[in-house]
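K.L.:
what follows is a predicted protein model with its sequence.
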Amino acid sequence: MKLSLKNRVKVLMTGNIDDYITRFLRGDDIDTGVMDTEIAMKYSAVNACIRVLAETFASAPIMLYQKTKDGREPITDHPIYDILHNRPNEEMAPFNFSEAMMTNFCGSGNSVCEKLFNKSGELVGLYPYPHAITQIRRNQETKRLEYIIRTGDEQKTLRRDQVFHVPNLSFDGVVGLSPITYAALAIKLGLSYERFGVEFYNNAAMPSGVFEHPGGLSDIAYDRLKKDLKDSYQGLRRTGVPMLLEEGMKWRQVTINPIDAQLLESKYFQIEDICRIYRVPQHLVNKLDRSTFSNIEHLSLEFIMYTMLPTYKRYEDNANMQVLSSADRRKGLYLEYKLDGLLRGDAKSRAEAYAIGRQWGWLSVNDIRKLENMPPIPNGDIYLEPLNYREAGKPDQQVNAYNRLIEDIYKMIEERR
């Protein structure tokens with residue numbers, strides 16, 4: 001809500017600053033209509049949460065594997081791998097593609113990409129569309145989903161098999177629910193706090209106060225006062241400039257402390273509310289008042305495990321169902337995000353984990369070097385085994401062999417005598 005100079009003077013002279021604050025806290029100053037992603041992204045907390053989620057999601061590469069008798073092996077010569085891992089389309093790098101998908105997913109609850117085919121009907125690319133130009137509906141005659149894409153005056157309708165669609169949490173499992181729509185009131189309140197802060201510190205005469213006049217202010221003096229306030233005292237650059245008054249008018253300063261009004265505390269709480277909606281730890285949006293160096297690493301790992309892993313699983317399942325063909329799935333092909341880089345701890349923690357794996361025989365030197373993106377070394381595929389490692393209840397074969405060797409030595413000595 002932008003107050004004119006006249007209204008600001010009225011506020012100061014009538015003392016209705018409480019009503020002024022109430023209107024901001026109630027959100028009456030923001031005419032948002034229907035809350036959408038574009039409006040919500042203007043709120044710093046929403047912007048930060050979506051950016052953290054989108055950039056983290058795009059940081060993990062998606063891999064194509066094939067099941068084998070001994071486990072699995074990566075496949076890098078398949079067209080699907082080239083699309084998802086190297087070149088989704090002619091305009092986007094893989095990181096930008098994944099980032100755009102996740103931004104739409106967090107904003108609208110749905111990520112919709114058009115499948116691009118060549119003349120032979122082979123999949124050659126994916127192109128994401130903003131949800132603002134995408135409408136998802138069910139055809140009443142065919143009972144199948146349709147995706148209407150509106151770009152300017154043009155419109156096209158895509159079938160379900162022509163799109164790669166990943167829905168967020170939903171009631172029907174088909175069309176995802178928008179977090180921004182369901183959190184519209186919380187976002188609107190947060191925007192109100194930010195707008196109030198701007199208006200508070202941009203208020204014409206800082207510090208605020210009231211004008212006291214012994215009688216009625218003449219029209220000439222009133223007009224001159226308005227012009228003088230606007231030209232000489234409005235704005236932060238003119239803070240502290242001495243004010244010239246006439247006709248016996250006095251200026252009485254009124255101090256308004258936002259902390260006393262609990263505005264700062266309320267604004268911090270609103271950030272927590274937005275982080276709660278997106279399940280983002282507060283330290284990732286630079287809210288560090290409750291964070292310590294000892295718990296940030298654990299909070300970051302929990303963010304990957306409890307926020308990002310369900311999202312990766314959602315995308316993996318939909319990609320395996322919608323991007324891979326039936327023939328590919330019958331061959332044992334499947335897509336999976338490689339999260340090793342996100343789940344790794346610090347250097348000391350990794351070294352301790354590798355030492356345990358090496359000691360107990362389930363990691364070789366080359367296994368460890370591969371996890372650290374290092375080349376293999378000769379004889380690095382040997383697995384160690386603890387000296388006294390054996391099944392419970394069974395004799396130690398090495399001890400028995402040693403005892404038999406000692407007995408044979410004694411026999412040889414006796415024979416020579």
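P.N.:
Received it, and whenever you're ready, just let me know what you need.

K.L.:
give me the low-pLDDT residue ranges for this structure?
P.N.:
Applying pLDDT under 70 to the chain flags the ranges 1-34, 197-210, 233-247, 253-266, 290-294, 344-346, 387-403, 416-417.

K.L.:
and for the residue nearest the centre of it, nearest residue in space, chain neighbours not counted?
P.N.:
Nearest residue to the geometric centre of the chain (Cα atoms, centre = their mean): L53, 1.6 Å. Spatial nearest neighbour of L53, chain neighbours left out: C106 (5.4 Å); criterion: Cβ to Cβ, 6 or more residues apart in numbering. The way it works is simple: take the backbone N, C-alpha and C, and place the C-beta from them, glycine included.

K.L.:
for the one you found, which three-state class applies?
P.N.:
helix (DSSP: H, G, I helix; E, B strand; the rest coil).

K.L.:
same check on A221?
P.N.:
helix.

K.L.:
surely I136 and R144 touch.
P.N.:
No. In this structure, I136 is not within contact of R144 by Cβ atoms under 8 Å, at 11.6 Å.

K.L.:
the more surrounded of the two?
P.N.:
I136 (19 against 10; other Cβ atoms under 10 Å).

K.L.:
my read is that one is in a strand, agree?
P.N.:
Yes. Per three-state DSSP, I136 lies within a strand segment.

K.L.:
tell me the contacts of the closest residue to it other than its chain neighbours?
P.N.:
Closest residue in space to I136, ignoring its immediate chain neighbours: V175 at 5.3 Å, by Cβ to Cβ, 6+ apart. Taking Cβ atoms under 8 Å, 6 or more residues apart in numbering, we find V175 in contact with 109-110, 136, 167.

K.L.:
reformat those residues as CSV; add distance to I149 and secondary structure.
P.N.:
Shown next, in CSV, are the contacts of V175 (distance: Cβ to Cβ, whole Å; DSSP: H, G, I helix; E, B strand; the rest coil):
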residue, distance to I149, secondary structure
G109, 17, coil
N110, 13, strand
I136, 11, strand
P167, 17, strand
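
K.L.:
just those residues now: which is nearest R279?
P.N.:
Of all the contacts of V175, R279 sits closest to G109, with 14.4 Å by Cβ to Cβ.

K.L.:
tell me how far F105 lies from R358.
P.N.:
Using Cβ to Cβ, to the nearest Å, F105 is found at 40 Å from R358.

K.L.:
who's more crowded, the two?
P.N.:
Between F105 and R358, counted using other Cβ under 10 Å, the more crowded position is F105 (27 against 16).

K.L.:
hmm, back to that, three-state assignment of the residue nearest to I136?
P.N.:
Going by three-state DSSP: V175 is coil.

K.L.:
who's in contact with F105?
P.N.:
F105 sits in contact with 111, 166, 168, 176, 311, where contact means Cβ under 8 Å, 6+ apart.

K.L.:
quick one: which of those residues is most hemmed in?
P.N.:
S111 (28 neighbours).

K.L.:
what pairs with the helix or strand hosting that residue, and is each one parallel or antiparallel?
P.N.:
Assessed by DSSP states H and E, S111 sits inside strand 110-117. Counting by DSSP bridges, the strands paired with strand 110-117 are strand 123-129 (antiparallel), strand 163-167 (antiparallel).

K.L.:
packing partners of the helix or strand following the last one?
P.N.:
The reference is to strand 163-167. Per DSSP H and E, strand 163-167 leads on to helix 179-182 as the next helix or strand towards the C-terminus. If contacts are counted by 3 or more Cβ pairs under 8 Å, 6 or more residues apart in numbering; DSSP states H and E, helix 179-182 sits against helix 94-108.

K.L.:
give me the angle between the helix it packs on and strand 110-117.
P.N.:
Helix 94-108 and strand 110-117 are oriented at 140 degrees to each other (axes from the mean of the first three to the mean of the last three Cα atoms, to 10 degrees).

K.L.:
and helix 94-108, what's buried?
P.N.:
94, 97-108 (16 or more other Cβ atoms under 10 Å).

K.L.:
and it with strand 134-138, angle?
P.N.:
Using the same axes, to 10 degrees: helix 94-108 against strand 134-138 is 60 degrees.

K.L.:
put the alpha carbons of helix 94-108 into PDB.
P.N.:
Output of helix 94-108 as PDB, limited to C-alpha atoms (Å, rounded to 0.1, in the frame of the first residue of the first chain):
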ATOM      1  CA  PRO A  94      21.400 -30.900 -18.700                       C
ATOM      2  CA  PHE A  95      21.700 -28.700 -15.600                       C
ATOM      3  CA  ASN A  96      19.400 -26.000 -17.000                       C
ATOM      4  CA  PHE A  97      16.900 -28.600 -18.100                       C
ATOM      5  CA  SER A  98      16.800 -30.200 -14.700                       C
ATOM      6  CA  GLU A  99      16.700 -26.900 -13.000                       C
ATOM      7  CA  ALA A 100      13.700 -25.700 -15.100                       C
ATOM      8  CA  MET A 101      11.800 -29.000 -14.400                       C
ATOM      9  CA  MET A 102      12.300 -28.700 -10.700                       C
ATOM     10  CA  THR A 103      11.400 -25.000 -10.600                       C
ATOM     11  CA  ASN A 104       8.000 -25.800 -12.300                       C
ATOM     12  CA  PHE A 105       7.600 -28.800 -10.000                       C
ATOM     13  CA  CYS A 106       8.100 -26.700  -6.900                       C
ATOM     14  CA  GLY A 107       5.900 -23.800  -8.100                       C
ATOM     15  CA  SER A 108       3.000 -25.600  -9.700                       C
END
